[in-house]
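following is a predicted model, sequence given first.
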Protein chains: 2
Amino acid sequence: MRVKVLGSAAGGGFPQWNCQCPNCSALRNGKLKSRPRTQTQVIFSPDSKVWFLLCASPDLRQQVLAARELSPPENNSSPPPIGGLFLPSADVDSVMGLLHLREFQTFFVFATRGVQCVLQKENRIFRVLERANPPVKWQTLSAKGRLGCHLSEDSSGPADFICTTVPLGGCYPDYVSEETLRAVPPEDASVGLIMEQGEKRLFFAPSLSGSSTMWKSAVESADATFIDGTFWSDDELMRTGRSKKTAREIGHLPLSGAGGLFEQFPRQTKGRKILIHINNTNPILDEKSAEHRAVLDAGFEIAYDGMEFEL
Amino acid sequence: MRVKVLGSAAGGGFPQWNCQCPNCSALRNGKLKSRPRTQTQVIFSPDSKVWFLLCASPDLRQQVLAARELSPPENNSSPPPIGGLFLPSADVDSVMGLLHLREFQTFFVFATRGVQCVLQKENRIFRVLERANPPVKWQTLSAKGRLGCHLSEDSSGPADFICTTVPLGGCYPDYVSEETLRAVPPEDASVGLIMEQGEKRLFFAPSLSGSSTMWKSAVESADATFIDGTFWSDDELMRTGRSKKTAREIGHLPLSGAGGLFEQFPRQTKGRKILIHINNTNPILDEKSAEHRAVLDAGFEIAYDGMEFEL
């Protein structure tokens, strides 16, 4: 399985358009040892021909153009390289990119019933995906289930890979109406995705609320895990003057501190542990910081745009 | 008045993510004398400090980062450079960029009642703009009216510039529900924008349906006009295998042919005439083409990302 990171930042990217926090300011001024990052987007391919997208990032047009793997084939000599997308939630950073993929091509969109309901029932703009002929095909993920996926239209043979979903305990985004919130299953709000091909497993969980611990067993069996690296500390947004809310209040377990990700992360893991969805305020983005060093010393990697590997 | 083009292509940009039309294919292969283009976005400033955005392009994050004028001020030493946005329609390419501007900053969004209704009533995702404190402020444009605008919160003095709207006769996008279509004024669907500061006038009309001719008098009095350069010919999408619809059927007057823009364009104009919202299939993008030459010979310019001037 080929895996590539097209974007590694949290919502807004790094730098963020209107932000002068210490990281964004220093990056703009060329005074930070770091890299710019677009918003979280991972792609994987079971055969290095057909690719599946994890998230639909707001930066998806720019990311697709930068990824040679996703260029359309010359003279329609082979099928389009994008086979489908998996949406872990209905957050703007997970779904906005669907609008970049409007027109002229069908593909699969895998999402829970709750996420589909939010997009289809109260956000008609996503109907532009129906402009393709045939229109985009929605596929339902249960919040906790296994789904066999095929690379070609012919789904009679054995599955090419299996997607297992893990409920992560998050909430629906704040733009969802009360009426819809009453109609959708809470566990559908935010799921982790295990992509399994043969013996290999990739686990993708860019948003960990901390209210569920089911992600831990997924981490233990994964060959590579992309996991929520949004915030270093619970009060990071307050200290950098960006918000009056804590990391936990906006649905992200911080990396450090009591009950944080590092403390909760299973000790016995065999796979790569890669932090992703890194917020512009996070000190780990500064490659000279103590926090950056601490992450590496703890055996974690920090995702960057362009990172790629084979499982 | 300072004016800058941040994006000059039609929906999808150039190249388009999934397109292998002759232009996109040749551009990817380095065989076209042309430039990549992001989706249409123009900014202007009455004082070179506070900027207003015409459209909210899907590429807006990338465009803001590339425009030094829009960088946030060091140490909050001056007001944020983005004062507001003007939305000419509810098309995805005109509004999607609003989602890039979510969080942590207020600004004005100027749009007709019809466009506001489409975004607010049946696309709740745009409520993320309410996360800022204070939230984003919506201002209503009538389809045919004049609105005095101020650079500062204090609106007691004379207006810093005046926005005059011109109904362009277009339709609401296809994602809008029948119920909403019955509730909104048809003339609110698509407006041209005249920005007037002192003696100077900028006219912005990236989408001309051809069903109204009110744009002609705006062109005659403008010092610079950005006008719909989407398609060269009415059957362009069919000939390039992209769609079974004509240019006119999807709401754009083609440049050439009987009744096309060149034929209809007023002969007596004093200002610059700049084609914008150029589709990836348009032969004028090829700087060696006869069509490109014909555009220049007719006294028109072709907008490109980074184009800037003073009025």
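Arrived safely, thanks for sending. Residues are numbered from 1 along each chain as shown, chains lettered A, B, ... in the order given.

gap between the two ends of stretch A:302-311?
18 Å (C-alpha to C-alpha, to the nearest Å).

kindly report the same for stretch A:148-168.
21 Å.

taking the mean pLDDT, what do you get for it?
The pLDDT scores in stretch A:148-168 average 91.

burial measure for the closest residue to residue A:175 other than its chain neighbours, as a count.
Nearest non-adjacent residue to residue A:175, counting by C-beta to C-beta, 6 or more residues apart in numbering or on different chains: residue B:127, 4.2 Å away. (Each C-beta comes from the backbone N, C-alpha and C, glycine too.) Neighbours of residue B:127 under the rule other C-beta atoms under 10 Å in any protein chain shown: 18.

for the one 5 residues further on, same thing?
Burial of residue B:132, expressed as a neighbour count using other C-beta under 10 Å, amounts to 17.

got a list of what it touches?
By C-beta atoms under 8 Å, 6 or more residues apart in numbering or on different chains, the residues touching residue B:132 are B:102, B:103, B:104, B:105, B:106.

what do you get for residue A:219?
Residue A:219 neighbours (C-beta under 8 Å, 6+ apart): A:203, A:225, A:227, A:265, A:266, A:269, A:271, A:273.

just the ones in strands from the residues you listed, please.
In strands, judged by DSSP state E, the following of these are found: A:203, A:225, A:227, A:273.

near chain B, list only the ones from those residues.
Near chain B, taking C-beta under 8 Å from any C-beta of the partner chain as the test, no member of the ones in strands among the contacts of residue A:219 is found.

residue A:279: which of the residues you listed is nearest?
Using C-beta to C-beta, residue A:227 comes nearest to residue A:279 of those, at 14.1 Å.

and the pLDDT at the spatially closest residue to that closest one that is not a sequence neighbour?
The shortest distance from residue A:227 to any residue other than its chain neighbours is 5.2 Å, reached at residue A:205 (C-beta to C-beta, 6+ apart). We have a pLDDT of 98 for residue A:205.

surely residue A:205 meets residue A:166?
Yes. Between residue A:205 and residue A:166 there is a contact at 7.2 Å, judged by C-beta atoms under 8 Å.

which residues are common contacts for the two?
Counting by C-beta under 8 Å, 6+ apart, the residues touching both residue A:205 and residue A:166 are A:192, A:193, A:215, A:218.

which ones are touching the last one?
For residue A:218, the set of contacting residues under the criterion of C-beta under 8 Å, 6+ apart consists of A:164, A:166, A:192, A:194, A:203, A:205, A:225.

tell me the helices and strands packed up against the helix or strand of chain A with the lowest mean pLDDT.
Least confident element among the helices and strands of chain A, by mean pLDDT, DSSP states H and E: helix A:236-239 (a mean of 90). For helix A:236-239, not one helix or strand is in contact under the criterion 3 or more C-beta pairs under 8 Å, 6 or more residues apart in numbering or on different chains; DSSP states H and E.

and that helix, how far from the chain's centre?
Remark: helix A:236-239 is offset 23 Å from the chain centroid, using C-alpha atoms, centre = their mean, to the nearest Å.

output it as PDB, nothing but the C-alphas.
The C-alpha trace of helix A:236-239 is given here as PDB (Å, rounded to 0.1, in the frame of the first residue of the first chain):
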ATOM      1  CA  GLU A 236      -2.600  26.600  23.800                       C
ATOM      2  CA  LEU A 237      -5.300  28.600  22.000                       C
ATOM      3  CA  MET A 238      -5.800  30.800  25.100                       C
ATOM      4  CA  ARG A 239      -2.100  31.400  25.600                       C
END
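
and whichever residue of the stretch 201-311 of chain A sits closest to chain B, how far from residue A:279?
As assessed by C-beta to the nearest C-beta, chain B sits closest to residue A:242 within the stretch 201-311 of chain A, at 6.2 Å. Using C-beta to C-beta, to the nearest Å, residue A:242 is found at 9 Å from residue A:279.

how about residue A:185?
Plainly put, residue A:185 is 28 Å away from residue A:279 if you go by C-beta to C-beta.

about what we covered before: helix, strand or coil for the residue of the stretch 201-311 of chain A closest to chain B?
Secondary structure, DSSP: H, G, I helix; E, B strand; the rest coil: residue A:242 is coil.

report the contact partners of residue A:24.
Counted by C-beta under 8 Å, 6+ apart, residue A:24 has contacts A:14, A:15, A:16, A:280, B:72.

also residue A:66?
residue A:6.

so how far is stretch A:96-108 off the chain centroid?
For stretch A:96-108, the distance to the chain centre is 17 Å (C-alpha atoms, centre = their mean).

first to last residue in it, what's the distance?
Terminal residues of stretch A:96-108 are spaced 16 Å apart (C-alpha to C-alpha).

list the buried ones in it?
A:96, A:97, A:98, A:99, A:100, A:101, A:102, A:103, A:104, A:105, A:107, A:108 (16 or more other C-beta atoms under 10 Å in any protein chain shown).

hmm, residue A:57 and the third one touching each other?
No. When contacts are counted by C-beta under 8 Å, residue A:98 is not listed as touching residue A:57 (9.9 Å).

tell me how far stretch A:233-248 lies from the chain's centre.
With C-alpha atoms, centre = their mean as the basis, the mean position of stretch A:233-248 lies at 22 Å from the chain mean.
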